[in-house]
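**Q** No letters, just coordinates:
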């Protein structure tokens with residue numbers, strides 16, 4: 001019975017988020033969630049109106065969650081309690097000028113993000129321009145309040161359903177900073193090679209230790225990219241579903257079932273996907289400039305990106321876009337041939353009309369020219 005309750009807890013948490021059950025301790029593998037949470041009134045009725053959640057999906061960190069068991073099951077005096085790291089992608093992008101006026105006091109620009117040193121009781125927030133933000137030490141309710149109160153007026157292309165990433169962290173100065181399973185350990189870090197990489201101003205009351213600030217920033221930037229990539233993945237899936245019937249329609253009827261204008265619009269949407277994936281300033285392949293001067297931070301950034309399979313997912317999205325573009329190009333060529341055929345018919349019809357008009361207008365004259373003027377018969381007269 002206890003085994004059944006534990007398995008049931010894991011299943012419910014993967015689908016609906018945190019649930020309290022008495023009995024054995026929930027399985028640790030459900031600690032990390034790479035989710036597209038589904039709206040659930042029992043879990044978050046207030047938040048469901050603003051950021052609808054989606055069903056949760058499996059991630060590499062979930063599959064390696066057992067590696068964090070030694071840390072979770074063996075607390076030490078130097079180790080802090082386990083706290084959440086929540087990432088939300090709520091829009092296509094945020095307007096920087098509006099962010100400055102809506103962020104809380106003591107917020108400051110930190111490389112490619114805005115850093116909010118304290119939000120809620122014991123949390124901090126990193127806001128990235130790609131439409132995502134990362135909360136360290138904040139509860140889900142506090143993260144929702146931040147999205148609603150601070151970021152909602154700054155959004156461009158607000159999403160109906162927020163893409164999320166969720167995991168946990170501990171602070172332990174006796175440990176080495178790393179990712180272990182589905183848990184981030186904030187521990188020892190080397191001094192910065194470039195002091196200018198640190199924040200310009202020290203806030204009066206930060207929620208977390210500023211000694212590991214840039215470590216949290218590096219992990220947050222990778223999490224932010226993963227959440228933004230999930231937005232593109234979801235949009236591309238919707239797009240591919242909308243054009244999935246085109247090859248079948250072509251097979252059955254010989255016609256694509258869409259007008260030339262509609263196909264060109266679909267092709268434009270694909271180009272927009274690819275631009276967002278590869279060409280925008282916040283793309284998914286380039287290494288940010290900060291990490292060229294700080295190799296240790298680059299290692300943290302790459303470790304999180306690798307754990308979330310950002311590169312593999314980016315390549316998969318590009319392959320899907322390439323296939324969809326090829327299908328669209330073939331259909332556009334068929335439409336072009338069909339249009340050329342119709343133009344030929346129109347030209348033939350115009351030539352025929354011109355011939356008929358010419359026959360009506362110049363027919364008698366042409367007849368006389370071809371067959372000549374018929375001779376008239378005159379009666380003979382006698383001349384006396």
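**A** Nice, I can see it. This is a predicted model, so every value here is computed, not measured.
**Q** Check the offset of the helix ranked longest in the chain from the chain's centre.
**A** Counting residues, the longest helix in the chain under DSSP state H turns out to be helix 310-371. For helix 310-371, the gap between its own C-alpha mean and the chain's C-alpha mean amounts to 38 Å (CA atoms, centre = their mean, to the nearest Å).
**Q** Please apply the same query to stretch 75-84.
**A** Distance of stretch 75-84 from its chain centroid, counting by CA atoms, centre = their mean, is 34 Å.
**Q** quick one: the helices in this structure?
**A** Per DSSP H, the chain carries helices over the ranges 2-16, 45-48, 60-63, 69-73, 96-102, 140-146, 213-242, 246-253, 260-274, 290-293, 295-307, 310-371.
**Q** Report all helices and strands that the last one contacts.
**A** Counting contacts by 3 or more CB pairs under 8 Å, 6 or more residues apart in numbering; DSSP states H and E, helix 310-371 is packed against helix 213-242, helix 246-253, helix 260-274. Any C-beta I mention is one placed from the backbone N, CA and C, and that applies to glycine too.
**Q** could you redo the last one with a cut-off of 6 Å?
**A** In this structure, helix 310-371 makes packing contacts with helix 213-242, helix 260-274, judged by 3 or more CB pairs under 6 Å, 6 or more residues apart in numbering; DSSP states H and E.
**Q** before we move on, back to that, select, out of the helices of the chain, the one closest to residue 89.
**A** With CB to CB as the criterion, residue 89 lies closest to helix 213-242 of the helices of the chain, at 3.9 Å.
**Q** now the angle from the closest one to helix 295-307?
**A** Relative orientation of helix 213-242 versus helix 295-307 (axes from the mean of the first three to the mean of the last three CA atoms, to 10 degrees): 30 degrees.
**Q** Give me the contact list for stretch 248-267.
**A** Defining contact as CB atoms under 6 Å, 6 or more residues apart in numbering, one finds that stretch 248-267 is touched by 246, 328, 331, 332, 335.
**Q** averaged over its residues, what pLDDT does that stretch have?
**A** Mean pLDDT, taken over the full extent of stretch 248-267, equals 77.
**Q** One more: stretch 150-161?
**A** For stretch 150-161, the mean pLDDT works out to 91.
**Q** Now do the end-to-end distance for it.
**A** The stretch stretch 150-161 measures 18 Å between its terminal residues, going by CA to CA, to the nearest Å.
**Q** How far off centre is it?
**A** Chain-centre distance of stretch 150-161: 14 Å, with CA atoms, centre = their mean.
**Q** Would you mark the buried spots in that stretch?
**A** Across stretch 150-161, burial judged by 16 or more other CB atoms under 10 Å covers 150, 151, 154, 155, 159, 161.
**Q** ok, so what distance separates residue 74 from residue 68?
**A** 11 Å (CB to CB, to the nearest Å).
**Q** more crowded one of the two?
**A** Under the neighbour definition other CB atoms under 10 Å, residue 74 and residue 68 were set side by side, and residue 68 has more, 25 against 8.
**Q** What is the neighbour count of the nearest residue to residue 125 once chain neighbours are set aside?
**A** Excluding its sequence neighbours, the residue lying closest to residue 125 (CB to CB, 6 or more residues apart in numbering) is residue 116, at 4.0 Å. For residue 116, the tally of surrounding residues (other CB under 10 Å) stands at 27.
**Q** residues touching residue 116, list them.
**A** Counting by CB under 6 Å, 6+ apart, residue 116 makes contact with 104, 107, 125.
**Q** any idea how far residue 79 is from residue 366?
**A** When CB to CB is the yardstick, residue 366 and residue 79 sit 106 Å from each other.
**Q** In terms of neighbours, single out the busier of those two.
**A** The neighbour count for residue 366 versus residue 79, taken as other CB under 10 Å, is higher for residue 79 (17 against 12).
**Q** which ones are touching that one?
**A** Contacts for residue 79 were tallied using CB under 6 Å, 6+ apart; they are 170, 172.
**Q** and it, backbone torsions?
**A** According to degrees, to the nearest 10, the main-chain angles of residue 79 amount to phi -100, psi 140.
**Q** And the pLDDT at it?
**A** For residue 79, the model assigns a pLDDT of 92.
**Q** Any stretches of the stretch 101-250 of the chain with poor pLDDT?
**A** Within the stretch 101-250 of the chain, not a single segment meets pLDDT under 70.
**Q** same thing but 90
**A** Along the stretch 101-250 of the chain, the model assigns pLDDT under 90 to residues 101, 105, 120-121, 157, 160-166, 181-182, 194-205, 231-250.
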